[in-house]
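# structure for the following, please:
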Amino acid sequence: MTRFALIFVWLMAVTAGAAQASCPSLLNHRFARLQDGAPQSLCEFQNKVLLVVNTASFCGFTPQYEGLEKLYAEKKNDGLVILGFPSNDFNQETGTNKQVAELCFNTYGVAFPMFEKTVVRGEQANGFYQALRQASGTAPLWNFHKYLVSRDGTRVQSFNSLNSPDGRALRRAIEAELAKP
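Below is the predicted model of the structure:
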């Protein structure tokens, strides 16, 4: 390897390390994407307002996918990202990741980031959901529980499943977070 190539590799490593170091601890997690199983760091979403939702295919709240997609399309250019985490914690997501993906992408036209099935409740919850629970003081009580995360990753608000994506309380909270630098 030439001296230039070694310097280039070193600079890339330092830059990647600096980006990871600046990532809020809440977002310092990686998950496999539902679309293709490729790992994705949540640090890629830093400086965005996040709406994190645990989802399920066979739930009375499943039609909220439509509202979530509409909200995402409306607000993504303002800095909102919706992150979907399918979970069988409430026995309503029994399919494979492929089946979940078909429902999300083909039936509901979901374009926001979705991740492979995971655990979101209790001691077995993934580290991200444990951090959301700790930051908000609330664990998901059912499918389509929502967490609103500030751009800097330091504030987390919790919204139960009854708060639909077009509901007034959730919309006001999202607008308030998007208005902050």
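# from now on I want contacts and neighbour counts done on CA atoms only, so please keep to that.
Noted.
# what pairs with whichever strand or helix holds Val52, parallel or antiparallel?
Per DSSP states H and E, Val52 falls inside strand 49-55. Applying DSSP bridges, strand 49-55 is found paired with strand 80-86 (parallel), strand 146-149 (antiparallel).
# winner for burial among the ones you listed?
strand 146-149 (a mean of 27; mean count of other CA atoms under 10 Å).
# who are the packing partners of whichever helix or strand comes after it?
Downstream of strand 146-149, the next assigned helix or strand under DSSP H and E is strand 156-159. The elements that strand 156-159 packs onto, with contact taken as 3 or more CA pairs under 8 Å, 6 or more residues apart in numbering; DSSP states H and E, are helix 127-136, strand 146-149.
# what residues sit buried inside the longest one?
Right, helix 127-136. For helix 127-136, the neighbour count (16 or more other CA atoms under 10 Å) marks Gly127, Phe128, Tyr129, Gln130, Ala131, Leu132, Arg133, Ala135, Ser136 as buried.
# ok now it, how far from the chain's centre?
12 Å (CA atoms, centre = their mean, to the nearest Å).
# what sits up against it?
Here helix 127-136 makes contact (CA atoms under 8 Å, 6 or more residues apart in numbering) with 26-27, 29, 120-121, 138-140, 147, 155-158.
# on that earlier part again, could you identify the most distant pair in the buried residues of helix 127-136?
Gly127 and Ser136 (14.2 Å; CA to CA).
# how close does the residue nearest to Phe61 when sequence neighbours are not counted sit to Ser136?
In this structure, Phe61 finds its nearest non-sequential neighbour in Phe144, 6.6 Å apart by CA to CA, 6 or more residues apart in numbering. Computed as CA to CA, to the nearest Å, the Phe144 to Ser136 distance reads 16 Å.
# check Arg30 too.
Distance from Arg30 to Ser136, by CA to CA: 21 Å.
# can you check Leu170 too?
15 Å.
# before we move on, what about Leu103?
30 Å.
# what's the answer for Ala111, then?
In terms of CA to CA, Ala111 sits 27 Å off from Ser136.
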